[in-house]
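Asks: From the sequence below, what's the structure:
(chains A and B)
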Amino acid sequence: MSPLYGRLLILIILASTWQGIAWLVNSSDFPSLFIVMESFIYHFFHGDMLINLSVTLTRVLISFIIAMILGVMIGILMGISKRLNQLSDTLLIIVLNIPALVTILLCYIWFGLVESAAIMAVVINKVPTVVVMIREGARVVDEDLLNVAKVYKLSLRKTFFNVFLPQLYPYIMASARAGLSLIWKIVLVVELLGRSDGVGFALNTLFQFFDIAGILAYTFAFISIVLVIENLIFRPLDKLIARGIHHDRA
Amino acid sequence: MIALDVAIKDKYYANSDLVVLKEIQFSVKPGEFVAIIGPSGSGKTTLLNMISGLEEATEQTLLCNGKPLNGGKAFPLGYVFQQPRLMPWLTVNENIQLVLPTTQETIIKTLLAQVGLAGKGDYYPKQLSGGMQRRVAIARAFAVNPELILLDEPFNSLDAPTASTLRLLLADLCKSRGSTVVFVTHDLSEAINLADRIIFMSHSPSSIIHQTTVDLPKPRTESGSNELAWQAKLMNQYPQILSGSLCTD
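Replies: Modelled structure (predicted):
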């Protein structure tokens, strides 16, 4: 069985299990797939779903890019400099353990209910986890390969982009994957607490009407977008990064 | 061409008080092929690392043409490490291109043909056998047109025919370039086959116990009678020399 069929099969099993339970429970708190689909079509064509999705996605992408760039830079610096690591290690652990909700609330209180405060709250939540992962990668960089660069007197730019950074790609990929899922969850909370658009805001409204089918419809919409991103961006990137590393002997 | 003067006093292992090298002093003439032989753990790799500038001792004088090696005028240096140390994410072509300042497709192509890897330029290192990877490492070292080339047991753990092909190749390349060579090995017949002069080192803390010129005409062969006789004579005189001792019993 090809991997594609395997994936489809699992989806079908999940869907039919759900449908079965919905029939058995027979309650408006557990809507069947058809009701969710109906709700999806309604919100998609007649509601604000498209606008809300695009607003949320923009927020996710902006905070994702900022968090990844900052996290990779700080992670590399902490990984290669023992002193910097000792200095900022405690700070990192503190930031890593501040509850997401607290950062969000504080950002809104200090900077107002504005877009930049929302983005900043998400970034502050995400950066430490990227730093932790990249730092591990930078710590175990192969000294032997760096010595090759040193012996052959490669420029700093060449050494960084051709010898140092490629060793971090797997770590960057892992934190990007983990990052995207964490970020969109946090963005929803940020939207729920202090924005008047986006999926988080929409979910809050649906919750107040106990529109469970609507909540599920939104969830599906967003999960499908993440799946598309995974297949269109992350998988091809994976292949690019794995080049030369997972080859079999010719 | 590069002449090399090496004087090292007490080189310690990194973060330890164990002495690796003690009172090492030797010179290499321009274009000379010097082999260094010593038992395992006698600091041969450390010595090459110091010549290449990767490691330093507190008291050392490394002169190249009479001027300090580090801080002096940089000259092209080729270093073939014990492991090929190719970048796995770069193809063979890209690996060689990496050490060159400008794009030099023809040079890379010629070099790959010389090491018997014509047409393998677009392969990744993991797609090649160990012997092929070593050949790429040798091609990389010669790509920079090195005035000084350091080799650290480059034919270790290769099967005999591959090793002897690569030895011939190395001798050819060195001869055509006129590079000064420091070649570390623990294989005496390999050293006799290639070197103008052999330096023997003792157990750690290592010092030089013996130096001898290989006064045999080139090209040499691995099991030629002259070479075998030369080796037998040396072993007869110093039976323990390969374990780092000049004792006769």
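Asks: roughly how far apart are the most centrally placed residue in chain A and residue A:216?
Replies: For chain A, residue A:180 is the residue whose C-alpha lies nearest the centre (Cα atoms, centre = their mean; 0.9 Å). Residue A:180 is 21 Å from residue A:216, where distance means Cβ to Cβ, to the nearest Å. To be clear about C-beta, it is placed using only N, CA and C from the backbone, and glycine gets the same treatment.
Asks: cool, residue B:199 as well?
Replies: Taking Cβ to Cβ, one finds residue B:199 at 78 Å from residue A:216.
Asks: Over to residue A:124?
Replies: On the measure of Cβ to Cβ, residue A:124 and residue A:216 end up 30 Å apart.
Asks: So which residues on chain B come close to chain A?
Replies: Contacts of chain B with chain A, taken as Cβ under 8 Å from any Cβ of the partner chain, map to B:52-54, B:74, B:77, B:79, B:81, B:83, B:85, B:87-91, B:98-99, B:123-129, B:140, B:144.
Asks: about what we covered before: leaving aside the residues next to it on the chain, what's closest to the residue nearest to the centre of chain A?
Replies: residue A:64 (6.1 Å; Cβ to Cβ, 6 or more residues apart in numbering or on different chains).
Asks: what does the model give that neighbour for pLDDT?
Replies: Looking at residue A:64, its pLDDT is 94.
Asks: ok now do it, which residues does it touch?
Replies: A:126, A:176, A:179-180, A:183 (Cβ atoms under 8 Å, 6 or more residues apart in numbering or on different chains).
Asks: related to what we said a few turns ago, confirm the residue nearest to the centre of chain A sits in a helix?
Replies: Yes: counting by DSSP: H, G, I helix; E, B strand; the rest coil, residue A:180 is found in a helix.
Asks: So it sits against residue A:226, correct?
Replies: Yes: using Cβ atoms under 8 Å, residue A:180 is in contact with residue A:226, at 6.8 Å.
Asks: contacting residues around residue 180?
Replies: The chain I'm using is chain A. Residue A:180 neighbours (Cβ under 8 Å, 6+ apart): A:60, A:64, A:226, A:229.
Asks: Sorry, I should have been clearer: chain B.
Replies: Counted by Cβ under 8 Å, 6+ apart, residue B:180 has contacts B:1-4, B:28-33, B:147-149.
Asks: and what of residue B:229?
Replies: By Cβ under 8 Å, 6+ apart, the contact set of residue B:229 is empty.
Asks: element containing it, please.
Replies: Using DSSP states H and E, residue B:229 falls within helix B:225-237.
Asks: got it, and residue B:184?
Replies: strand B:180-185.
Asks: could you say what helices and strands the longest helix that chain B contains packs with?
Replies: Ranked by number of residues, the top helix in chain B under DSSP state H is helix B:160-177. Packing partners of helix B:160-177 (3 or more Cβ pairs under 8 Å, 6 or more residues apart in numbering or on different chains; DSSP states H and E): helix B:105-114, helix B:130-143, helix B:188-194.
Asks: quick check: angle from the longest one to helix B:160-177?
Replies: When axes from the mean of the first three to the mean of the last three Cα atoms, to 10 degrees is applied, the directions of helix B:130-143 and helix B:160-177 differ by 10 degrees.
Asks: moving C-terminal of helix B:130-143, what's the next helix or strand?
Replies: In N-to-C order, the element after helix B:130-143 by DSSP H and E is strand B:148-152.
Asks: any idea how far that next one is from the chain center?
Replies: Distance of strand B:148-152 from the chain centroid (Cα atoms, centre = their mean, to the nearest Å) equals 4 Å.
Asks: Same question for stretch A:193-208.
Replies: Taking Cα atoms, centre = their mean, one finds the center of stretch A:193-208 at 20 Å from the center of the full chain.
Asks: got it, and stretch A:33-50?
Replies: The chain centroid and the centroid of stretch A:33-50 are separated by 25 Å under Cα atoms, centre = their mean.
Asks: Let me see the domain layout of chain B.
Replies: Domain segmentation of chain B under automatic domain parsing yields B:1-76+B:147-164+B:172-218, B:87-145.
Asks: Save those as CSV, and put in distance to residue A:35 and mean pLDDT too.
Replies: Below are the domains of chain B laid out as CSV (distance: least, Cβ to Cβ, whole Å; pLDDT from 0 to 100):
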stretch, distance to residue A:35, mean pLDDT
domain B:1-76+B:147-164+B:172-218, 67, 85
domain B:87-145, 50, 91
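Asks: Need those domains in JSON lines (columns: distance to residue A:32).
Replies: Listed next are the domains of chain B as JSON lines, based on distance: least, Cβ to Cβ, whole Å:
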{"stretch": "domain B:1-76+B:147-164+B:172-218", "distance to residue A:32": "65"}
{"stretch": "domain B:87-145", "distance to residue A:32": "49"}
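Asks: Relative to residue A:170, which of those is closest?
Replies: Proximity to residue A:170 (Cβ to Cβ) singles out domain B:87-145 among the domains of chain B, at 10.7 Å.
Asks: What is the subsequent helix or strand relative to the host helix or strand of residue A:124?
Replies: In the assignment (DSSP H and E), residue A:124 maps to helix A:115-139. Toward the C-terminus, helix A:115-139 is succeeded by helix A:143-151 as the next helix or strand (DSSP H and E).
Asks: That next one packs against which elements?
Replies: Going by 3+ Cβ pairs under 8 Å, 6+ apart, helix A:143-151 lies up against strand B:77-80.
Asks: what's the single longest helix in chain A?
Replies: helix A:49-80.
Asks: would JSON lines of the contacts of residue B:180 with secondary structure and neighbour count be doable?
Replies: Shown next, in JSON lines, are the contacts of residue B:180 (DSSP: H, G, I helix; E, B strand; the rest coil; neighbours: other Cβ atoms under 10 Å in any protein chain shown):
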{"residue": "B:1", "secondary structure": "coil", "neighbour count": "14"}
{"residue": "B:2", "secondary structure": "coil", "neighbour count": "20"}
{"residue": "B:3", "secondary structure": "coil", "neighbour count": "16"}
{"residue": "B:4", "secondary structure": "strand", "neighbour count": "20"}
{"residue": "B:28", "secondary structure": "strand", "neighbour count": "22"}
{"residue": "B:29", "secondary structure": "coil", "neighbour count": "14"}
{"residue": "B:30", "secondary structure": "coil", "neighbour count": "14"}
{"residue": "B:31", "secondary structure": "coil", "neighbour count": "17"}
{"residue": "B:32", "secondary structure": "coil", "neighbour count": "19"}
{"residue": "B:33", "secondary structure": "strand", "neighbour count": "25"}
{"residue": "B:147", "secondary structure": "coil", "neighbour count": "19"}
{"residue": "B:148", "secondary structure": "strand", "neighbour count": "23"}
{"residue": "B:149", "secondary structure": "strand", "neighbour count": "25"}
